[in-house]
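Asks: need the 3D shape of this:
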Amino acid sequence: KMSVPDYMQCAEDHQTLLVVVQPIGIVPEESFFRIYKRISAVSQVNVRDSQRVLYIRYRHHYPPENNEWGDFQTHRKVVGLITITDCSSAKEWPQTFEKFHLHKEMYGSTLYDSRLFVFGLQGEIAEQPRTDVAFYPSYDECETVEKRIEDFIESLFIVLESKRLDRATDKSGDKIPLLCVPFEKKDFVGLDTDSRHYKKRCQGRMRKHVGDLCLQAGMLQDSLVHYHMAVELLRSVNDFLWLGAALEGLCSASVIYHYPGGTGGKVGPRRAQGGSLSAEAGNRHRPGAQEVLIDPGALTSNGINADTSAEIGRAKNCLSPEDIIEKYKEAISYYGKYKNAGVIELEACVKAVRVLAIQKRSMEASEFLQNAVYINLRQLSEEEKIQRYSILSELYERIGFHRKSAFFKRIAAMQCAAPSIPEPGWRACYKLLLETLPGYSLSLDPQDFSKGTHRGWAAVQMRLLHELVYASRRMGNPALCVRHLSFLLQTMLDFLSDQEKKDVTQSLESYTAKCPGTMEVITLPDGLKLPPVPFTKLPIVKSVKLLNLPTSLRPHKMKSLLGQNVSTKSPFIYSPIIAHSRGEERSKKIDFQWVQGDVCEVQLMVYNPMPFELRVENMGLLTTGVEFESLPAALSLPAESGLYPVTLVGVPQTTGQITVNGYHTSVFGVFSDCLLDNLPGVKTNGCTVEVIPALPRLQISTSLPRSAHTLQPSSGDEISTNVSVQLYNGETQQLIIKLENIGTEPLEKLEVTAKTVNTKEKLYGDFLTWNLEDTLCQFPLKPGKVATFTVNIKVKLDFSCQENLLQDLSDDGISVSGLPLSSPFRQVVKPRVETKPLNPQESSKVGDFSHVKVRERHQN
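Replies: Residues are numbered from 1 along each chain as shown. Just a heads-up that it's a prediction; the model follows:
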């Protein structure tokens, strides 16, 4: 029973000669495979003066029991042996050469020829010319290896032609031997060898065998004829096992004809390369080989009646692509009758699948694969199981069954860590699990899950992610555990039950206690990069709003107090096109300004989707454009809270355009940088604002008590306070105004003006007077300093204007209430035209109230 299947088999392997390359003694692995790579490069050789091509299949390991099936299918027969050895002294040579002969005995019954490559031996022995031994000083000084291999293949060709003609030509009435597979030999003991049934069996099997030899010798049309005749002979005697082999040979030859590029997934068509062989090489004498004249013409043989030249080239000899599959099905059904032919049946299924993959007939290919899954072989080792499932996965991938492919690859991954293995291969398990991700519509980039609807089966995806976490832990890599658990929590949050959310977060916190989660890319040994996983759903942010500074801190453009405001007119352009791009919405500039050095605020509306209290630590703003000091906050959100306002603050340290790009958090020990561009459905009023240089800050206080009434509403760019005073006609009172610099910038200029507001058309005499000379001597007013000036309030009524004025006065007294003292605390400095010095006499007007404005200006 052939026990070891070759899952890499494909139909075109039937035309190859099998050569085994193995080391003898102790040979460095690196050196061996360097030479093996050079040897295996000589895989296709032209036959000179002919269109025939020989194909060589190299293996560095081949089970001897499989070699016993060489008569059944000749491509399974080891026909060449190349051994590689180290030999440093002449004393070691006899023992080395003896080992070479012992090695040949392992495949001795089938070998056509063999070679021994000796490295390191120099001197008299190495200088003796030998056919089967090649000496080289070292592994770096062996330029003629390829030429030696070409000569070796030439000798294989000579023997192949000799055997092909020997099996097919007339042997003067000799009986045709019965070819058998190993398990059949005991069944044919005592059979009547003279019966017609037995002779047909012998003829059919030999005809099939000659077809194999013709296919290996590059005679495709001849092989088709032999296979057809073998099928007819074997079908007539119900020799099902060999009938299946003849049908498979017919399929292989037809596949080679229809698909010269091959079915094994090789790149590019098969082409001749390397050296060339002479068709007259058969005339040369070789020890152990019969001297023959190679003639690829018509063949004659006893009992086979085979002048096949008339049939060569007929289209009916080659199966159509559809018939190839039908014949494969028939052959596999015959193999299935024999439990000892399980490997042959399995490999035939694999070959048929590769053909169907090229024909793009995926459903039929899946039927062959399903049959291959249930073929019962001997008790396989864990390594063989891994290989079997991996190849099944690869074949399902080739026919487009991605999820099925992922299923078998996952089984192979689990097999790497089977309990029966003394040292489980967790790294191999992890690597195979990663390869299953595309089949389950999974990637390790969280960005793929932030767009559109969820793809794939969430339950299976979560199971796979848990297995990745477990494999990472068994590998001793806590950083990988944290990354995969973070990915699971971020992308599968909507599919986790309340209990699963608690379990995952508890596991995550236990891992981050040893290895905190970061925003760094994790690079695996094979080069695969795992991107960071920011927690954009813990908490979920619904809106972001940049807030204006408090009224007392807002900057305003400088206006002239003593002249007309300077207005800058710009053309108005109307456009009906309105862009609603989220990116444009975030990049649009806001109509207010922030100030360098002042605390600025951004309000987020968030909610907690978890069924328990969510603690968010170290939450702050991410900005670009200017240097910005983010002041982190910590918050605790109730379980499944509704929308909850959170204000994040920071201080811009430089000036320019600042853009709020997102925020950073620390949740469950995982640090996250959450960018607004990656948050779907987030509303914002714009994220770019201008930061202007730091401005002076002025605090004003007066000697008069505050008024409970506001006589004139304050405009949006003014800070007002109202004071109250009661005077009699002719009475004078002083109002002391204290100016304190509470900022970090000096106050360099002070302007005072008065504004008369008439409400009842009552006329008064001189009302307010002041003198700023002493006050201006204290300027520039440095931070922390205080300056004062005095305003004289004098009531002088003129009763000659209106007779009915007395009706509105009581006891010749007047109540001057709500005297507004107004000061914009900060202003953007703009140059203005020089105005005339303020004349207190001109500025004192008769009226109900006088509006005292105190303004400071910082000059550039």
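Asks: where does the protein dip in pLDDT?
Replies: Low-confidence segments of the chain (pLDDT under 70): 1-3, 170-174, 188-190, 265-316, 558-589, 708-719, 756-766, 797-860.
Asks: let me see the domain layout of it.
Replies: With the TED database as the criterion, the domains of the chain are listed as 11-168, 380-432, 441-530, 540-555+589-692, 696-706+728-750+764-796.
Asks: Serialize those domains to JSON lines and add fields for distance to residue 264 and mean neighbour count.
Replies: The C-beta positions use only the backbone N, C-alpha and C, and glycine is treated the same way. JSON lines is the format used below for the domains of the chain (distance: least, CB to CB, whole Å; neighbours: other CB atoms under 10 Å):
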{"stretch": "domain 11-168", "distance to residue 264": "7", "mean neighbour count": "18"}
{"stretch": "domain 380-432", "distance to residue 264": "11", "mean neighbour count": "18"}
{"stretch": "domain 441-530", "distance to residue 264": "24", "mean neighbour count": "16"}
{"stretch": "domain 540-555+589-692", "distance to residue 264": "44", "mean neighbour count": "17"}
{"stretch": "domain 696-706+728-750+764-796", "distance to residue 264": "77", "mean neighbour count": "16"}
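Asks: okay if I get those as a markdown table plus distance to residue 181?
Replies: Formatted as a markdown table, the entries for the domains of the chain read as follows, by distance: least, CB to CB, whole Å:
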| stretch | distance to residue 181 |
| --- | --- |
| domain 11-168 | 5 |
| domain 380-432 | 21 |
| domain 441-530 | 43 |
| domain 540-555+589-692 | 62 |
| domain 696-706+728-750+764-796 | 98 |
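Asks: so residue 50 versus residue 221, what's the distance?
Replies: Here the distance between residue 50 and residue 221 works out to 13 Å (CB to CB, to the nearest Å).
Asks: surely residue 348 and residue 249 touch.
Replies: No. Counting by CB atoms under 8 Å, residue 348 stays clear of residue 249, with 11.0 Å between them.
Asks: identify whichever of the domains of the chain lies nearest to residue 253.
Replies: Counting by CB to CB, residue 253 lies closest to domain 11-168 out of the domains of the chain; the figure is 7.5 Å.
Asks: off-centre distance for stretch 526-538?
Replies: On the basis of CA atoms, centre = their mean, to the nearest Å, the separation between the geometric centre of stretch 526-538 and that of its chain is 10 Å.
Asks: which stretches in the stretch 201-350 of the chain count as helices?
Replies: For the stretch 201-350 of the chain, applying DSSP state H, counting those that start in this stretch gives helices covering 220-236, 240-258, 321-335, 342-359.
Asks: what's the angle from the last one to helix 240-258?
Replies: Taking axes from the mean of the first three to the mean of the last three CA atoms, to 10 degrees, one finds that helix 342-359 is oriented at 30 degrees with respect to helix 240-258.
Asks: same question, the third one
Replies: If you take the same axes, to 10 degrees, helix 321-335 sits at 160 degrees to helix 240-258.
Asks: show me what counts as buried in helix 321-335.
Replies: Buried residues in helix 321-335, defined by neighbour count with 16 or more other CB atoms under 10 Å: 324-325, 327-332, 334-335.
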